[in-house]
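Engineer: Kindly return the folded structure for what I paste below:
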Amino acid sequence: MDSPTDDESAGDCGEESAEAEMAPFPGAPILEVGERAYGYRQYQGGSEVSFTVILNCRGRGTTQEKTLVVKGGMPLRVRDLKSCIEEEYSIPVCCQNLVLESVVMEDRVPLEVYRVRDGDIMHVNYVSGGNVLEILDVVDHMTKTYYFVESIQADLNAHKVSDDLDTLLNQSIHWEKVNGLAEVYFNSHTLDKAEANRNLFIQCGGLDMLQRLHTLLLRQPWSNTPIMMQYLEHAILRTYWNITAAFNVRMYVLQYPRALDNILRSFLRVELKKDTPIVLPKNIYATRQANGRQQGHVAAEVVCKAMGALCK
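Structural biologist: Below you'll find the predicted structure:
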């Protein structure tokens, strides 16, 4: 796969939530249910076609000329063509501005309306690439985790966490993947890429699944929640914290039914008393302060859960 730069991999635009039908945040295309990365394209038919695409990355100030070959024939809609560009050059559909002869083409419009022909020259304007494969992998893991946790609800309700189930929990729930969204992909130190990753995560259904998974975890009292599920809930809260660093995304998240309620429930359902030790995941390190006191450098959600009761 060609890519504009070695470190620019970018993503997909996916499906709308069945639970919460709302207008996307400003700048995000409206997508149809079932549209996912690379997988849902329509073609007009015929033999393969090719286009000259000029990749203009505004974030880096670079321009590259590439030849895009579409083996399935002429794509049906602009969105289908963008999906081909996404797969070939790792530029998210939701971040592309596709221009033909000074006309910005709209996603749902058939290509024949713009009289697109084999061999045409198009400009693809975008700010930054994202981390397509990595984010899609996280969303896929969250989906599998959701159905796994749903399948063990009866055992959890009956307080039957056997050694076998505990082993299965450790094998099935990789909370660190979700935590990586906050640590790496939504990290504000790389503003352009973080924005592309946030948009990508929302458009491929990640935010919908994050809320569904969070709601499912809240069914269990904290005292009855296995440690791996507790870590996962921490990671979900940290993801909310980081993805809402962008104001437009924050407003979008607040439109979700139960989103704010779930966050507050997570904060308030844990009570930590003074001098209560906190068991931290292995990759959350602790350092000794200058005055000799030991203080864990924990994620923001852990501090919030303590509600000011962390021992000094």
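
Engineer: And the residue nearest the centre of this structure?
Structural biologist: Nearest to the geometric centre of the chain sits residue 201, at 2.5 Å (Cα atoms, centre = their mean).

Engineer: Am I right that that residue is in contact with residue 207?
Structural biologist: Yes. At 6.4 Å, residue 201 and residue 207 qualify as touching, with contact defined as Cβ atoms under 8 Å. Quick note: C-beta positions are derived from backbone N, CA and C, even for glycine.

Engineer: Now for those two: what residues contact both?
Structural biologist: Common neighbours of residue 201 and residue 207, using Cβ atoms under 8 Å, 6 or more residues apart in numbering, are residue 243.

Engineer: I'd like to know how far residue 154 sits from residue 186.
Structural biologist: 35 Å (Cβ to Cβ, to the nearest Å).

Engineer: actually residue 44, not the one I typed
Structural biologist: Counting by Cβ to Cβ - residue 44 and residue 186 are separated by 38 Å.

Engineer: So which of these two has more stuff around it?
Structural biologist: More neighbours surround residue 186 than the other of residue 44 and residue 186, with 25 against 16 (other Cβ atoms under 10 Å).

Engineer: Kindly confirm whether my reading is correct that that one touches residue 244.
Structural biologist: No. Using Cβ under 8 Å, residue 186 is not in contact with residue 244, being 9.4 Å away.

Engineer: what about stretch 153-167, distance to the chain center?
Structural biologist: 30 Å (Cα atoms, centre = their mean, to the nearest Å).

Engineer: Surely residue 67 is in a strand?
Structural biologist: Yes. Using DSSP: H, G, I helix; E, B strand; the rest coil, the assignment for residue 67 is a strand.

Engineer: neighbours of residue 160, just the number please.
Structural biologist: Residue 160 has 10 neighbours, counted by other Cβ under 10 Å.

Engineer: again, but for residue 247
Structural biologist: 9.

Engineer: Verify the stated contact: residue 205 with residue 140.
Structural biologist: No. Using Cβ under 8 Å, residue 205 is not in contact with residue 140, being 10.2 Å away.

Engineer: Between the two, which is the more surrounded one?
Structural biologist: residue 205 (25 against 14).

Engineer: contacting residues around the residue nearest to the centre of the chain?
Structural biologist: 135, 139, 181, 185-186, 207, 243.

Engineer: Any of the residues you listed buried? List them.
Structural biologist: Buried subset of the contacts of residue 201 (neighbour count, 16 or more other Cβ atoms under 10 Å): 135, 139, 181, 185-186, 207, 243.

Engineer: Would you convert those into CSV that also reports distance to residue 60?
Structural biologist: As requested, the buried ones among the contacts of residue 201 are exported to CSV (distance: Cβ to Cβ, whole Å):
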residue, distance to residue 60
135, 20
139, 26
181, 23
185, 18
186, 20
207, 27
243, 23
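
Engineer: could you redo those residues as CSV and give each row secondary structure?
Structural biologist: Converted to CSV, these look like this (three-state DSSP):
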residue, secondary structure
135, helix
139, helix
181, helix
185, helix
186, coil
207, helix
243, helix
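
Engineer: Including distance to residue 235 and pLDDT, could these go into JSON lines?
Structural biologist: Converted to JSON lines, those look like this (distance: Cβ to Cβ, whole Å; pLDDT from 0 to 100):
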{"residue": "135", "distance to residue 235": "14", "pLDDT": "88"}
{"residue": "139", "distance to residue 235": "14", "pLDDT": "92"}
{"residue": "181", "distance to residue 235": "8", "pLDDT": "91"}
{"residue": "185", "distance to residue 235": "13", "pLDDT": "90"}
{"residue": "186", "distance to residue 235": "12", "pLDDT": "88"}
{"residue": "207", "distance to residue 235": "14", "pLDDT": "91"}
{"residue": "243", "distance to residue 235": "12", "pLDDT": "90"}
